[in-house]
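Visitor: Sequence and predicted structure below; questions after.
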Amino acid sequence: MLKTISAIVTAAAIAGFATLISAPTSSPVTAGPLAKPVEDTLKSCTQRAWPYNNCVGTAVGNPKIRLVTTDRLVNE
């Protein structure tokens, strides 16, 4: 039991130390309201079954998504 607790405490201490070392301290995080066009684009992409379909090709879309439509399928 003591070995288990000491292993957990040691792992937590190592993880905490690694987090503190890798945390950026040079620049503070700044946040503010989004620009109106970006906000409208994000709102049009939410609450859909596949929200990224409406955002492909926009500034907020995921560029790694490739849409393949059914007219490109080969009929054999």
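Guide: It's in. Numbers count the residues shown, from 1 in each chain.
Visitor: tell me the secondary structure for Thr30?
Guide: coil (DSSP: H, G, I helix; E, B strand; the rest coil).
Visitor: need the contact list for it.
Guide: The contact partners of Thr30, by Cβ atoms under 8 Å, 6 or more residues apart in numbering, come to none. (Glycine included, C-beta is placed from N, CA and C.)
Visitor: pLDDT wise, what is it at?
Guide: At Thr30, the pLDDT value in this model is 77.
Visitor: now swap in the one 4 residues further on and tell me
Guide: According to the model's per-residue confidence, Leu34 sits at a pLDDT of 76.
Visitor: Just the buried positions in stretch 33-42, please.
Guide: Thr41 (16 or more other Cβ atoms under 10 Å).
Visitor: how about the helix or strand of the chain with the lowest mean pLDDT as CSV, C-alpha atoms only?
Guide: In the chain, no helix or strand scores lower on mean pLDDT, DSSP states H and E than helix 36-45, which sits at a mean of 76. Backbone C-alpha positions of helix 36-45 (Å, rounded to 0.1, in the frame of the first residue of the first chain) are rendered in CSV as follows:
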residue,chain,number,x,y,z
LYS,A,36,-18.3,39.6,-36.5
PRO,A,37,-17.7,37.6,-39.7
VAL,A,38,-15.8,34.9,-37.9
GLU,A,39,-18.5,34.8,-35.2
ASP,A,40,-21.2,34.4,-37.8
THR,A,41,-19.2,31.6,-39.6
LEU,A,42,-18.8,29.7,-36.3
LYS,A,43,-22.5,30.0,-35.5
SER,A,44,-23.4,28.6,-38.9
CYS,A,45,-21.2,25.6,-38.2
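Visitor: That's all I had, so thanks and see you.
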